[in-house]
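Trainee: Sequence plus predicted model, see below.
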Amino acid sequence: MASDHGLEQVETAVERGIPSETILEYVDEHGVDLIVMATHGRTGFRRYVLGSVTEKVVRTSPVPVHTVRTEPPDEE
């Protein structure tokens, strides 16, 4: 999708580890200048019980983080 909108240097990766820490280590090691992450849009108590990798990255990232809210699944 990014290349469809004129972005030429887009990089994705799959890494193992503690998610927020691994993402920030990757940023440091590869000179990343923008992180794009999805968020489920949870709020309140549920957010704190489940944790939020995106929230941790947003709070501690040395580079800008663009969050994209995912659509909720269709309820039947």
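Mentor: Received it, and whenever you're ready, just let me know what you need. Residues are numbered from 1 along each chain as shown.
Trainee: Got phi/psi on the residue lying closest to Glu15 once chain neighbours are set aside?
Mentor: Distances taken as CB to CB, 6 or more residues apart in numbering place Thr22 nearest to Glu15, at 4.9 Å, with adjacent residues excluded. No exception for glycine: its C-beta is placed from N, CA and C like everyone else's. When read as degrees, to the nearest 10, the backbone of Thr22 gives phi -70, psi -40.
Trainee: hang on, Thr22 packs against Ala13?
Mentor: No. With contacts counted by CB atoms under 8 Å, Thr22 stays clear of Ala13, the gap being 9.5 Å.
Trainee: who's more crowded, the two?
Mentor: Set Thr22 next to Ala13 and count neighbours by other CB atoms under 10 Å: Thr22 wins out with 14 against 9.
Trainee: distance of the more buried one from Leu7?
Mentor: To Leu7, Thr22 is 23 Å away according to CB to CB, to the nearest Å.
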